[in-house]
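# Sequence first, then the predicted structure, then my questions.
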Amino acid sequence: MKARLTAFALAASAFAMTGCADMSVLSSGPTPRVEDCALIGQSTPSKFVCGDGKSYTAVQLADIRTGKAAK
């Protein structure tokens, strides 16, 4: 019985530490964010395609995040 309880406790703690796919609580800011995009070109600068169907470079995503793109 004690072994079963220990196994359940370990499984519950492992499940609690895995997190979830939508981490919007931990990240905020203007979209698109790099964590919402997929890497399509590992070059300089890296290229990403995002959920809106557009592709962005890492520099463009950084400018969006910092607000430089709004100017």
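Here it is on my side, so go on.

# Strands of this protein, residue ranges please.
Assigned by DSSP state E, the chain shows strands spanning 37-41, 47-50, 55-57.

# contact partners of the shortest one?
It stands for strand 55-57. Contacts of strand 55-57 from elsewhere in the structure, counted by Cβ atoms under 8 Å, 6 or more residues apart in numbering, are 32, 37, 40, 45-50, 64. C-betas here are computed from N, CA, C, even on glycine.

# Restrict those residues to the buried ones and give me that as a ChimeraX selection.
To isolate the buried subset of the contacts of strand 55-57 in ChimeraX, counting by 16 or more other Cβ atoms under 10 Å, use the following:
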select :32,37,46,47,48,50,64
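
# Kindly tell me how buried the closest residue to residue 34 other than its chain neighbours is, as a neighbour count.
Of all residues beyond its chain neighbours, the one nearest residue 34 is residue 61 (5.1 Å), with distances taken as Cβ to Cβ, 6 or more residues apart in numbering. Other residues lying near residue 61 total 22 when counted by other Cβ atoms under 10 Å.

# Go ahead and confirm residue 61 touches residue 36.
No. Residue 61 lies out of contact with residue 36 (Cβ atoms under 8 Å); the separation is 9.7 Å.

# show me what contacts the residue nearest to residue 34?
With contacts taken as Cβ under 8 Å, 6+ apart, residue 61 has the following neighbours: 32-34, 37, 48.

# What's the separation between residue 50 and residue 42?
Plainly put, residue 50 is 16 Å away from residue 42 if you go by Cβ to Cβ, to the nearest Å.
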